[in-house]
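Trainee: would you be able to build a 3D model of this:
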Amino acid sequence: MGKRYAILGAGMQGPAVAYDLARFGDAETISLADIDMERATLKAEWVNQLVQRTIVYPKQIDARNEKQVRDYFEQADVIISAVPWQMNMRLAQLALDARRNFIDMGNEPEWFWFEFRKRHEEAQEAGIAIGAAIEPHEVASDSAYAAALAREIGSLTLCLSEAQMRELKALLARFREEVMQQFPAGEDAKR
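Mentor: Numbers count the residues shown, from 1 in each chain. Purely as a prediction, here's the structure:
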């Protein structure tokens with residue numbers, strides 16, 4: 001049985017993650033939420049069209065509204081945040097409270113990562129994973145892969161040297177290139 005994914009943010013990263021999960025993951029359902037219901041609907045329909053099945057469902061959620069977020073998180077197994085980084089510490093805490101896996105797509109400053117890592121032990125005790133994409137603004141599929149891997153092994157922590165990080169980024173860039181060649185973006189991708 002597949003997982004229920006809840007993505008917050010239907011800008012550029014959220015739909016990319018929805019596509020990766022629908023195409024390569026084990027998703028039972030994928031919710032794509034945004035404060036703008038029209039945007040969430042257009043992006044969900046676009047991903048469904050690309051994967052040729054209905055698996056992504058739009059939702060209207062204001063990530064600043066704690067009740068809406070809590071209710072949204074309760075409906076999912078894995079939460080993926082593609083909203084501005086300033087919201088992610090609070091969202092990570094709400095995911096911990098709901099005992100849901102949480103992946104952050106934000107591009108936060110270094111001090112934020114220090115605070116975010118403190119939640120790792122708490123997440124392990126809760127039996128969930130809290131993680132972040134390696135290069136969220138370049139390769140959205142990192143998050144889907146990390147979420148899937150973390151779900152399988154319980155948690156995922158990467159400690160890489162600069163050379164290893166360069167090698168990993170090159171590998172992910174090649175993977176992204178292969179995917180883009182296999183599935184070239186058309187006019188619909190510009191929406």
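
Trainee: hmm, Ile7 and Ala82 touching each other?
Mentor: Yes: here Ala82 lies in contact with Ile7, judged by C-beta atoms under 8 Å, at a distance of 6.1 Å. The C-beta positions use only the backbone N, C-alpha and C, and glycine is treated the same way.

Trainee: pick out whichever of these two has more residues nearby.
Mentor: Per other C-beta atoms under 10 Å, whichever of Ala82 and Ile7 has more neighbours is Ile7, with 34 against 29.

Trainee: list phi and psi for the more buried one.
Mentor: The phi and psi torsions at Ile7 (degrees, to the nearest 10) take the values phi -110, psi 130.

Trainee: repeat that for Asn101.
Mentor: phi -60, psi 140.

Trainee: and it, how far from Phe73?
Mentor: The spacing between Asn101 and Phe73, counted by C-beta to C-beta, to the nearest Å, is 10 Å.

Trainee: the more surrounded of the two?
Mentor: In terms of neighbours (other C-beta under 10 Å), Asn101 is the more surrounded of Asn101 and Phe73; the figures are 23 against 20.

Trainee: so who does the residue nearest to that one when sequence neighbours are not counted touch?
Mentor: Spatially, and ignoring its direct neighbours in sequence, Asn101 is nearest to Val78 (4.4 Å; C-beta to C-beta, 6 or more residues apart in numbering). Taking C-beta atoms under 8 Å, 6 or more residues apart in numbering, we find Val78 in contact with Lys3, Arg4, Tyr5, Ala6, Arg100, Asn101, Phe102, Ile103, Ala147, Arg151.

Trainee: show the pLDDT at Ala92.
Mentor: Ala92 carries a pLDDT score of 89 in this model.

Trainee: hang on, it packs against Ile128?
Mentor: No: with contacts counted by C-beta under 8 Å, Ala92 stays clear of Ile128, the gap being 10.6 Å.

Trainee: need the overlap of contacts for the two.
Mentor: Counting by C-beta under 8 Å, 6+ apart, the contacts common to Ala92 and Ile128 are Phe102.

Trainee: sorry, back to before: for Ala82 and Ile7, list the residues in contact with both.
Mentor: Both Ala82 and Ile7 are contacted by Gly14, Val17, under the criterion C-beta under 8 Å, 6+ apart.

Trainee: all helices for the chain, in order.
Mentor: With DSSP state H applied, the chain shows helices at 13-24, 37-51, 66-74, 88-98, 110-126, 141-153, 162-182, listed in chain order.

Trainee: buried sites along the fourth one?
Mentor: I take that to be helix 88-98. Of the residues in helix 88-98, those buried under the neighbour-count criterion (16 or more other C-beta atoms under 10 Å) are Asn88, Met89, Leu91, Ala92, Leu94, Ala95, Leu96, Ala98.

Trainee: same for that helix, what does it pack against?
Mentor: When contacts are defined as 3 or more C-beta pairs under 8 Å, 6 or more residues apart in numbering; DSSP states H and E, helix 88-98 sits against helix 66-74, strand 78-81, strand 101-104, helix 110-126, strand 130-132.
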